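S.K.: quick check, what structure comes out for this input:
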Amino acid sequence: MQANCPKCANKIAIDDARVPDRAFSVKCPKCQTSVRFPGKGAAAAAAPAPVAAPPATPASAPPAERADAEADSRAAMRAEVMAQVRREMASGDVARPASGRALVALSDRAQAGAITLPLSRQGYQVDTLDNPEEGSRLIEQGAYDLVVATCSAPAAGKESLYQRMSRLSPDARRRVFLVGVGDEFKTGDGTQAWIAMADLVVHPRDLGGADAVLSKTIEERARLYQVYLDARKRFEISAI
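M.R.: The predicted structure is shown next:
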């Protein structure tokens, strides 16, 4: 007497001399599934041998289980991103971003022309604009990577571009390198820059030769924010 295992389709043969009269079951030697056999009486009545059932199709995971699996996958990806960030911070291997567009918003044309030269040598595409409202709109839209503006008080009843930038959201402000220009500044003074909420301060007489201080300060700021920007970008990709 023989039958096929309903789970793995393995053929199981039993010596007829050992088959009892009543129905019985044996375990499949391959997958240990219990296989039902008819006894001699049923076999004498020409009962058909058990037909192998197709392997069971695994049921789809419930929505809750799928959601948990996706959450675990996102958590693992975030952990990998943060590990990479820590490795970058430890090695100091942070690339300097490519130069982009710069906005020079100085009312003094001579000063605007002077700072345009070192910015161009740094690789920036330079635009000049003295309309605070238009400049603020473009900055909020992310059109500029660097802004040069005077930090002196504007005429009564008016608001300078520098003042408008102070109202940007932290994220929007973080994306812009701000150069403050004023007679009260000592070029490259970090304390004055911090008080003025700028990334770099420059005295007007130093605008034309600001290449070195621009390059150094931009690189320092890039190293400070690049790890943050890379981590944010990877997090946004992992959330898609």
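
S.K.: helix or strand with the lowest mean pLDDT in the protein?
M.R.: Using mean pLDDT, DSSP states H and E, helix 63-91 stands out as the lowest-scoring helix or strand of the chain, at a mean of 58.

S.K.: ok, the closest residue to G182 other than its chain neighbours - contacts?
M.R.: Using C-beta to C-beta, 6 or more residues apart in numbering and skipping the chain neighbours, the partner closest in space to G182 is C151 (4.6 Å). C-beta: built from backbone N, CA, C; applies to glycine. Contacts for C151 were tallied using C-beta atoms under 8 Å, 6 or more residues apart in numbering; they are Y162, G180, V181, G182, F185, A196, A198, V201.

S.K.: want to throw those residues into JSON lines with distance to A13?
M.R.: Below are the contacts of C151 laid out as JSON lines (distance: C-beta to C-beta, whole Å):
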{"residue": "Y162", "distance to A13": "92"}
{"residue": "G180", "distance to A13": "92"}
{"residue": "V181", "distance to A13": "96"}
{"residue": "G182", "distance to A13": "98"}
{"residue": "F185", "distance to A13": "97"}
{"residue": "A196", "distance to A13": "92"}
{"residue": "A198", "distance to A13": "89"}
{"residue": "V201", "distance to A13": "93"}
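
S.K.: in helices, which of the residues you listed fall?
M.R.: Among those, DSSP state H puts Y162 in helices.

S.K.: can you pull out the strands in this protein?
M.R.: 2-4, 11-13, 24-27, 34-37, 101-105, 125-128, 146-150, 177-181, 200-202 (DSSP state E).

S.K.: can you say which of the ones you listed is packed in most?
M.R.: strand 200-202 (a mean of 27; mean count of other C-beta atoms under 10 Å).

S.K.: that one pairs with which strands, and in what direction?
M.R.: strand 177-181 (parallel) (DSSP bridges).

S.K.: what angle do the strand it pairs with and strand 101-105 make?
M.R.: 30 degrees (axes from the mean of the first three to the mean of the last three C-alpha atoms, to 10 degrees).

S.K.: got the contact list for strand 177-181?
M.R.: 106, 111, 115, 145-151, 162, 165, 193, 196-204, 207, 214, 218, 221.

S.K.: quick revisit: if I look at the residue nearest to G182, how far off is V181?
M.R.: 7 Å (C-beta to C-beta, to the nearest Å).

S.K.: nearest to D189, of the strands of the chain?
M.R.: The closest of the strands of the chain to D189 is strand 200-202. By C-beta to C-beta, the value is 6.0 Å.

S.K.: any idea how far that closest one is from the chain center?
M.R.: Centroid separation between strand 200-202 and its chain, computed with C-alpha atoms, centre = their mean, to the nearest Å, is 32 Å.

S.K.: my guess is C31 contacts C5. True?
M.R.: Yes - with contact defined as C-beta atoms under 8 Å, C31 and C5 form a contacting pair (6.5 Å).

S.K.: who has more neighbours, the two?
M.R.: Each of C31 and C5 has its neighbours counted (other C-beta atoms under 10 Å); C5 has more, 22 against 13.

S.K.: spatially nearest residue to that one, not counting backbone neighbours?
M.R.: C28 (4.1 Å).

S.K.: report the contact partners of the one you found.
M.R.: By C-beta under 8 Å, 6+ apart, the neighbours of C28 are C5, K7, C8, N10, I12, S34, V35.

S.K.: so what's the residue count around the closest residue in space to G180 that isn't next to it in sequence?
M.R.: Once flanking residues are discounted, G180 sits nearest to A198: 3.7 Å by C-beta to C-beta, 6+ apart. Other residues within reach of A198 by the criterion other C-beta under 10 Å amount to 24.

S.K.: what about A198, distance to R173?
M.R.: Taking C-beta to C-beta, one finds A198 at 11 Å from R173.
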